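In: From the sequence below, what's the structure:
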Amino acid sequence: METPWWWPLVTVLMAGAHCVALVDQEASDLIHSGPQDSSPGPALPCHKISVSNIDFAFKLYRQLAVNAPGENILFSPVSLSLALALLSRGAPGASRTKLLEGLGFNLTVVPEAEIQEGFWDLMLRLPGQGPRLLLTMAQHRFSGLGTRANQSLEEAQKHIDEYIEKQTQGKLGAWEKDLSSETTAVLVNHMLLRAEWMKPFDSRATSPKEFFVDEHRAVWVPMMKEKASHRFLHDPELQCSVLQMDHAGNTTTFFIFPNRGKMRQLEDALLPETLIKWDSLLRTRELDFHFPKFSISRTYRLEMLLPQVTVGGGFPGQPGLNISKVTHKAMMTLDEKGSEAAAATSIQLTPRPHPDLDLSPTPGTEFSRPFLVMTFHMETGSMLFLGKIVNPLG
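Out: Numbers count the residues shown, from 1 in each chain. Predicted structure coming up:
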């Protein structure tokens, strides 16, 4: 029987605790149900936060899309969520509530203790290593910074840079030189993913072809070619196609291809009802298609898009600190063997807030227009990476 589209992309955007509770239960049933011909696995603490984490991811994506129309987008929702959730532990009550609500949680539906338990469980379950899959995830806090610190600003910046470079194996390149002299602590969350395809492409079949960035411009990119069975659907209502390509291990990636001029319509329609409909339509089909190789990297300053709150200073009696700068950088490369991606989130804490604040794709064709990419961790239902590929060349 067809494997259902378990957990992907379910968000909760309805108002009212009762409505949210009903939708959360329906979404949770969809997210954590196993294949229809097997018994579902046990519920995990991290499952209680997966829907809200994906909700947060889509809301942030929409903000980034509005701020940068026509550009590539890429970030790691789980990296951001984990970093902010860790900060919430030391925040005063009002700030803690504001921060968790900013992450998409309704505290009348999911108690704070269950949210924190879910994030801790997520931190433990995400890392994994095998012959064809590597997924690392961790957080580190750099304290004792600022004007009274023994080390200079340049030394502190170099220490943080070297840590991020080592943990992400240099995939993110040079880190942003944005450490403020007022910063007293920096929280860094980092992730590295290297996942091979279950069905790799044959590199001998790759050849240059046109990719249409917009109505007026095309670029030549290496197009991979494959004839294999994948889960696929075409949605005539939203005029888009969805392709699921599994990785070896515990991850999978979804590619959503809107028809010409329908990207905005697709982005606006990322709602629970749409995703449940897609789940019912996805079917395994024999596809003969071309797919673009790509390598993109994006850096964002996100403090203006996140709740401004005071968090704990880290020691008894120490004044609370403010989130002053949030820097997030992500990269993703996709080729014949699989996908490689890395992300890091740097949150600076200071005593005061920051002042500045055509024809639809079908089997047997080329996917040669801008599309969305979403990579998930299947056991936890977590969105590892979310992006929009407008130009595969970066």
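
In: for the one helix or strand H190 maps to, packing partners?
Out: Following DSSP states H and E, one finds H190 within strand 185-196. The contact analysis (3 or more C-beta pairs under 8 Å, 6 or more residues apart in numbering; DSSP states H and E) places strand 185-196 against helix 77-88, strand 133-142, helix 153-167, strand 338-350, strand 382-389. Every residue, glycine included, has its C-beta placed from N, CA and C.

In: need the contact list for the residue nearest to A156 when sequence neighbours are not counted.
Out: Once flanking residues are discounted, A156 sits nearest to L145: 5.2 Å by C-beta to C-beta, 6 or more residues apart in numbering. By C-beta atoms under 8 Å, 6 or more residues apart in numbering, the contact list for L145 reads 151, 156, 179, 183-186.

In: Over to E340?
Out: 171, 193-195, 332-334.

In: ok, so of those residues, who is nearest H234?
Out: Proximity of the contacts of E340 to H234 (C-beta to C-beta) peaks at L334, which lies at 22.0 Å.

In: The residue nearest to that closest one when sequence neighbours are not counted: how many residues sit nearby?
Out: Excluding its sequence neighbours, the residue lying closest to L334 (C-beta to C-beta, 6+ apart) is F294, at 5.5 Å. Per other C-beta atoms under 10 Å, the neighbour tally for F294 reads 22.

In: F294 reaches P392, doesn't it?
Out: Yes - the pair F294 and P392 passes the contact test of C-beta atoms under 8 Å, sitting 3.4 Å apart.

In: any common contacting residues for the two?
Out: Common neighbours of F294 and P392, using C-beta under 8 Å, 6+ apart, are V221.

In: ok, which stretches of the stretch 1-150 of the chain are strands?
Out: 73-75, 128-129, 133-142 (DSSP state E, counting those that start in this stretch).

In: partners of T327 in the sheet?
Out: Following DSSP bridges, T327 is listed with bridge partners R301, S346.

In: From T284, how far off is it?
Out: To T284, T327 is 41 Å away according to C-beta to C-beta, to the nearest Å.

In: Between those two, which is the more surrounded one?
Out: Just comparing T327 and T284: by other C-beta under 10 Å the higher neighbour count belongs to T327, 20 against 12.

In: May I ask you to name the longest strand in this protein?
Out: strand 218-235 (DSSP state E).

In: and that strand, which residues are buried?
Out: By 16 or more other C-beta atoms under 10 Å, the buried positions in strand 218-235 come out as 221-226, 230-235.

In: by contact count, what packs against that strand?
Out: Against strand 218-235 (3+ C-beta pairs under 8 Å, 6+ apart) you get strand 207-212, strand 240-246, helix 272-281, strand 283-292.

In: That one pairs with which strands, and in what direction?
Out: strand 207-212 (antiparallel), strand 240-246 (antiparallel), strand 283-292 (antiparallel).

In: In CSV, could you pull the C-alpha coordinates for it?
Out: Below are the C-alpha coordinates for strand 218-235, written out as CSV (Å, rounded to 0.1, in the frame of the first residue of the first chain):
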residue,chain,number,x,y,z
ALA,A,218,17.4,31.7,-17.9
VAL,A,219,20.7,30.3,-16.7
TRP,A,220,22.5,27.1,-17.8
VAL,A,221,22.8,24.6,-15.0
PRO,A,222,23.8,20.9,-14.8
MET,A,223,20.6,18.9,-15.0
MET,A,224,20.6,15.4,-13.6
LYS,A,225,18.6,12.7,-15.3
GLU,A,226,16.8,9.8,-13.7
LYS,A,227,14.2,7.1,-14.4
ALA,A,228,12.9,5.8,-11.2
SER,A,229,9.9,5.4,-8.9
HIS,A,230,9.1,8.3,-6.6
ARG,A,231,6.1,9.6,-4.8
PHE,A,232,4.6,12.4,-7.0
LEU,A,233,1.4,14.4,-7.4
HIS,A,234,0.1,17.2,-9.5
ASP,A,235,-2.4,19.6,-7.8
